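[1] Give me coordinates for this.
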Amino acid sequence: MHELYCHVDSIELIGNDVQLVKLASDELNAVNYLGGQYLTLQVDGGRWIPFSIGNAPEEKTHIELHIKLIPGHELAEQIITQLKTNKSAHVQIPMGKCVLRDSGRDSVFIVGGTGFSPAKAMLESAFYQKDSRNFYLFWGAKHSSELYLSNIAESWQQSHSNFDYVPVISGEQKEWAGETGFAHQPALKRFNNLPELDFYIAGSPEMVMAVYQELLDAGVPKEQIFADMLDIKREMGEQL
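    Below is the predicted model:
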């Protein structure tokens, strides 16, 4: 693991409430990480807060973070203010084991909200490496405006014949012709070979555990379901 002092390259509001932060450092070339891993960022010289890395390691110019601003939750606002004020960030990198497996199996990503961040890094890395497997992204949110980088997923669908993007919204929205419900529901309906696929889940802890259980109930081996939350719970001694 490396400790880096990065400078803040840019902070941009995307969608309604997600800040896209780009950090840069001359030391990045010496850091080896994999798509899907995360870093921790130090807040005011004290505690370390985890954030998924939102871009492929093949992009050595910067690290991308997707930070959601939630009304009533001051931590995200505090972090953004700190980054804007200090123009720098102290990070530990890399962490996590939820990375793209070289299993030969097609891969399904089921994500909610900013859970798109680690999926984006894994998918970008797969495209860089010209991985020929099929990849499917089911990205869920309450409203389509919360699919804050949907244009990127749509562009992948146009440029990569082995990738399919399915946006899913759970709230009521006029003029929405796409999938509705929760992100995993159309995925479970779509495939008749679920035990032959790898699944990557990212989102809130509650969402991850609910999808994990539904995949198990559908016959997917637990060894083919990957999520940071599952790894954390196992490290704490939980039997999953």
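[2] domains of this structure?
    Taking automatic domain parsing as the criterion, the chain consists of the domains 2-95, 107-235.
[3] Would you mind checking the average pLDDT for the top strand by length along the chain?
    Using DSSP state E, we find that the single longest strand of the chain is strand 2-14. The average pLDDT within strand 2-14 is 96.
[4] residues making contact with it?
    The contact list for strand 2-14, computed with Cβ atoms under 8 Å, 6 or more residues apart in numbering, reads 19-25, 27-28, 30-31, 62-63, 80, 83-84, 86-94, 148-149. Yep, even glycine has a C-beta here, placed from its N, CA and C like the rest.
[5] mind giving me TSV with the domains of the chain and columns for mean neighbour count and distance to Arg101?
    TSV is the format used below for the domains of the chain (neighbours: other Cβ atoms under 10 Å; distance: least, Cβ to Cβ, whole Å):
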stretch	mean neighbour count	distance to Arg101
domain 2-95	16	10
domain 107-235	18	6
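[6] what helices or strands is the one helix or strand Ala121 maps to leaning on?
    Assigned by DSSP states H and E, Ala121 falls within helix 116-128. Helix 116-128 sits against strand 48-52, strand 63-68, strand 107-112, strand 135-141, helix 150-159, strand 198-202, with contacts defined as 3 or more Cβ pairs under 8 Å, 6 or more residues apart in numbering; DSSP states H and E.
[7] Only C-alpha atoms, please: export it in PDB.
    The C-alpha atoms that make up helix 116-128 are tabulated as PDB, following Å, rounded to 0.1, in the frame of the first residue of the first chain:
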ATOM      1  CA  PHE A 116     -21.200   2.900 -10.700                       C
ATOM      2  CA  SER A 117     -17.700   4.100  -9.700                       C
ATOM      3  CA  PRO A 118     -15.900   0.800  -9.200                       C
ATOM      4  CA  ALA A 119     -17.900  -0.800 -12.000                       C
ATOM      5  CA  LYS A 120     -16.700   2.000 -14.300                       C
ATOM      6  CA  ALA A 121     -13.100   1.300 -13.300                       C
ATOM      7  CA  MET A 122     -13.400  -2.400 -13.900                       C
ATOM      8  CA  LEU A 123     -15.200  -2.000 -17.300                       C
ATOM      9  CA  GLU A 124     -12.800   0.600 -18.500                       C
ATOM     10  CA  SER A 125      -9.900  -1.700 -17.700                       C
ATOM     11  CA  ALA A 126     -11.600  -4.600 -19.500                       C
ATOM     12  CA  PHE A 127     -12.000  -2.400 -22.600                       C
ATOM     13  CA  TYR A 128      -8.400  -1.300 -22.400                       C
END
